[in-house]
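Visitor: My questions concern the predicted model and sequence given below.
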Amino acid sequence: MRKLSLGVDFAAVVRRLDAYERLIRLDKPIGTLLLLWPTLWALWLASAGTPRLDHFIIFALGTLLMRSAGCAINDYADRNFDPHVERTRLRPLAAGEIRPAEALAIAAVLALSAFALVLFLNRLAIVLSFLGLAIAATYPFSKRVFSLPQAYLGIAFGFGIPMAYAAVQGRLPAQCWLLLAANVFYSFAYDTEYAMVDRNDDARLGLRTSALTLGHGDVAAVMASYAVMLLLLTAVGLLARLAWPYFVGLSAAAAMMVYHWFLIRERSRDGCFRAFMHNNWVGGAIFAGIMFSLPMGWPA
């Protein structure tokens, strides 16, 4: 077997690095994208279409780092449950490829790296980052306490919104809170679709999710959440006096949501998972609408 000059097993190093990559989901970018789109909505709206390049880089890279840290914390929190769930039983921590302490160490390094980026922003953004970290770190444990942990996720996944407004404007206007509220409903919808995939396993393990709490009302709740999200985003557009491309983007997102209904109405694991994954396009359509309704559209 090939070894490094210091006697280290090269194949073992590669396997360990691969396990770390899978722990922080670099092989599954959907989570990062679902975090990134709302952050970009806020960054473009807060800067009236002319975001600074350094802000763009900080928020894009920070989103990746915090999502990766969140995955490591999530797997640590679920390390005794994941081995019993079909979808998660092969995750590195559940499969015993890495130790719990390693997952925590990786999460800490990633979170500190993200915080180092935040230090280039203003004081309000730095203060908010501590609250964002607390929410992100406690979310994985919320399913032990709350019946609708997906609502908590909406705040965690949307915290880039107030961070962006703080960094650009140094304040948190009404537009910011409307956008955050819209993202809470958006996240609730797509994470409920995700929870519907694991419904049987979660019920057996005694975990709390919106899919279990809502029962047969889950599909209706997903569609109602989408509807409220669209109403809130319409209010954002009117308040910001956005041009017609924004509303075309919302219309495209609404059409995708109808497609999601067809996917989840039978509650099949495959259909629910496809609907969850497709939400990347919903976020992208809304961002395109924002970008083309504002004067510039690219980092300055």
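Guide: Yep, that arrived.
Visitor: For this protein, which segments count as strands?
Guide: Assigned by DSSP state E, the chain shows no strands.
Visitor: tell me, what residue is most central in it?
Guide: residue 35 (3.5 Å; C-alpha atoms, centre = their mean).
Visitor: Quick one: residues contacting it.
Guide: Neighbouring residues of residue 35 by C-beta atoms under 8 Å, 6 or more residues apart in numbering: 63, 66-67, 157, 160. No exception for glycine: its C-beta is placed from N, CA and C like everyone else's.
Visitor: Pick out whichever of the residues you listed sits closest to residue 190.
Guide: Closest approach to residue 190 among the contacts of residue 35 (C-beta to C-beta): residue 157, at 9.4 Å.
Visitor: For the closest one, the count of nearby residues, please.
Guide: 29 (other C-beta atoms under 10 Å).
Visitor: cool, and the one 4 residues further on?
Guide: The burial count assigned to residue 161 is 27, neighbours taken as other C-beta under 10 Å.
Visitor: before we move on, what about residue 208?
Guide: 18.
Visitor: and if you look at residue 56?
Guide: Here the number of neighbours of residue 56 (other C-beta under 10 Å) works out to 18.
Visitor: ditto for residue 247
Guide: Using other C-beta under 10 Å, residue 247 has 16 neighbouring residues.
Visitor: contacting residues for it?
Guide: Taking C-beta under 8 Å, 6+ apart, we find residue 247 in contact with 234, 237, 289.
Visitor: And the spatially closest residue to the second one that is not a sequence neighbour, how far from residue 156?
Guide: Same thing as residue 237. The shortest distance from residue 237 to any non-neighbouring residue, by C-beta to C-beta, 6 or more residues apart in numbering, is to residue 246 (4.9 Å). Distance, residue 246 to residue 156, using C-beta to C-beta, to the nearest Å: 26 Å.
Visitor: Residue 50 now?
Guide: Going from residue 50 to residue 156 by C-beta to C-beta gives 28 Å.
Visitor: buried stuff in the lowest-mean-pLDDT helix or strand in the chain?
Guide: Least confident helix or strand, the chain: helix 199-205 with a mean of 78, by mean pLDDT, DSSP states H and E. For helix 199-205, a neighbour-count test (16 or more other C-beta atoms under 10 Å) marks 199, 201-202 as buried.
Visitor: again with stretch 64-78
Guide: Of the residues in stretch 64-78, 64-78 count as buried by neighbour count, 16+ other C-beta under 10 Å.
Visitor: can you pull out the helices in the protein?
Guide: In order along the chain, the chain carries the following helices (DSSP state H): 10-23, 30-46, 53-77, 100-118, 123-142, 149-157, 160-169, 174-197, 199-205, 210-214, 218-239, 244-264, 269-293.
Visitor: how about the ones you listed, which one is nearest residue 85?
Guide: Nearest to residue 85, of the helices of the chain and by C-beta to C-beta, is helix 199-205 at 4.2 Å.
Visitor: And the closest one, what does it pack against?
Guide: Helix 199-205 sits against helix 210-214, with contacts defined as 3 or more C-beta pairs under 8 Å, 6 or more residues apart in numbering; DSSP states H and E.
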